[in-house]
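# How does the following fold in three dimensions:
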Amino acid sequence: MSDPHQHPFLGSLSQAVKTVWDAGDALLAVSGGADSMALLRGMLDLNQAHSGRLAVAHFNHNLQPAVSDDVARWLQQTCERLDIPFHLGASDVGQLAAESGQGIEESARNARYAFFKQTALDNQFTQVLVAHTRDDQVETILHHLLRGTGVAGLRGMPERRALVPLSDGQPEIALLRPMLTVTRAQAVDYLRTVGQDYRDDPSNVDVAFTRNRIRHELLPLLETSFNPNIRDALSKLSQQAGDLQDALEQIVHQQLRGALLDVNADIVRLRWQPLNEQTRHVIRECFAMLWKQQHWPRQRMNFSHYDRLATLLQNGGTANLPGGIVAERRGELVVLRRQSHFT
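Residues are numbered from 1 along each chain as shown. Sure thing, here's the model as predicted:
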């Protein structure tokens, strides 16, 4: 394809970012890899017709300092050449993981998104765009399946979520994933047409990380030995699970709102009897929604934990849960408390 402006990648991206031009700004999360560089070049191309305010945010995890420092310098120079503002953040993720007791992947993600959030707040951006592709979505669904998930996990990553919720005096900052219908191969092909190089992260081939084992070992095995169209099958499953979850969440939101007695950052009290009239699945989903609303750590929460909470609600007892959350049924209430040393 000779004309990059006619590339299918741009067509898909254009459809997904219509709300960006309504808001007039976007902070682009760019690692320097092929997917995020395609997002950067694609948004610059589309912005010629809109004149929105764009900037790049890059986070250096310092897991391989010599490599990551070089990538950061290269990306900053690239942004200068493309005339787009560049914001750099950095942290020693290995040290953060050791101090927090979390895994490297979870610590890296938490530090990275905290930087994106703060950069958006400091520079008054209302939308942060990340370059997750359809391939990332498929890997996420498989990761959720292996960890143990419900219907919500089969949906994978949403196209949009609140990075910073709406509050008094502060507009919502949305996290957008406009490339979920785009394959990694399409992103690379687009970069080829515009003559843009990129930097592969060496950690992306390190099979010590679960996601990399899924990408480089499990998915190829499923394609060659079970179903060559496994990516399409999982993508369709994600869409169907999303439709089902949307309908379920309307029910769950209503039931949870009716059961909650009082809430603060570390303690929640709810009446268990109204929820006990619901199906066990709705009860589990109520606790899952509560965790999300409270911003309590969800990475280590799986089906068995939410099912344990359903048992506690129905039969009584106490449960110690990931993230230092303790749940107990007391009389007519279920009380959930987050221990202070985990905050």
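# and residue 97, that's in a strand?
No. Assessed by DSSP: H, G, I helix; E, B strand; the rest coil, residue 97 does not belong to a strand; its assignment is helix.
# so how many other residues sit close to it?
Counted with other CB atoms under 10 Å, residues neighbouring residue 97 total 19. For every residue, glycine as well, the C-beta is placed using N, CA and C.
# And the pLDDT for it?
Residue 97 carries a pLDDT value of 85.
# Surely it touches residue 103?
Yes. Counting by CB atoms under 8 Å, residue 103 is a contact partner of residue 97 at 6.4 Å.
# residue boundaries of the strands in the stretch 151-300 of the chain?
160-164, 173-176, 260-263, 267-271 (DSSP state E, counting those that start in this stretch).
# Please list the outside residues in contact with stretch 149-161.
Here stretch 149-161 makes contact (CB atoms under 8 Å, 6 or more residues apart in numbering) with 16, 132, 136-138, 140-141, 144-145, 147, 174-178, 180, 237-238, 241-242, 244-245, 248, 281, 284-285, 288, 302-303, 306.
# list the buried ones in it?
Residues of stretch 149-161 classed as buried: 149, 150, 152, 153, 154, 155, 156, 157, 159 (neighbour count, 16 or more other CB atoms under 10 Å).
# Out of the residues you listed, give me the two with the largest separation.
The distance between the two most remote of the buried residues of stretch 149-161 (CB to CB) is 19.6 Å, for 150 and 159.
# Quick check on the residue nearest the centre of the chain: phi, psi?
Nearest residue to the geometric centre of the chain (CA atoms, centre = their mean): residue 157, 5.9 Å. Dihedral pair for residue 157: phi -80, psi 130, per degrees, to the nearest 10.
# and the gap between it and residue 130?
9 Å (CB to CB, to the nearest Å).
# Return every residue with contacts to both of those two.
Taking CB under 8 Å, 6+ apart as the contact criterion, the common neighbours of residue 157 and residue 130 are residue 177.
# how about the CA coordinates for the helix or strand bottoming out on mean pLDDT in the chain, as PDB?
When each helix and strand of the chain is scored by mean pLDDT, DSSP states H and E, helix 18-23 comes last, with a mean of 84. Presented in PDB, the C-alpha positions along helix 18-23 are these (Å, rounded to 0.1, in the frame of the first residue of the first chain):
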ATOM      1  CA  LYS A  18     -14.300  10.200  17.500                       C
ATOM      2  CA  THR A  19     -14.800  11.300  21.100                       C
ATOM      3  CA  VAL A  20     -11.200  12.500  21.300                       C
ATOM      4  CA  TRP A  21     -12.000  15.300  18.900                       C
ATOM      5  CA  ASP A  22     -15.100  16.300  20.800                       C
ATOM      6  CA  ALA A  23     -12.900  16.800  23.900                       C
END
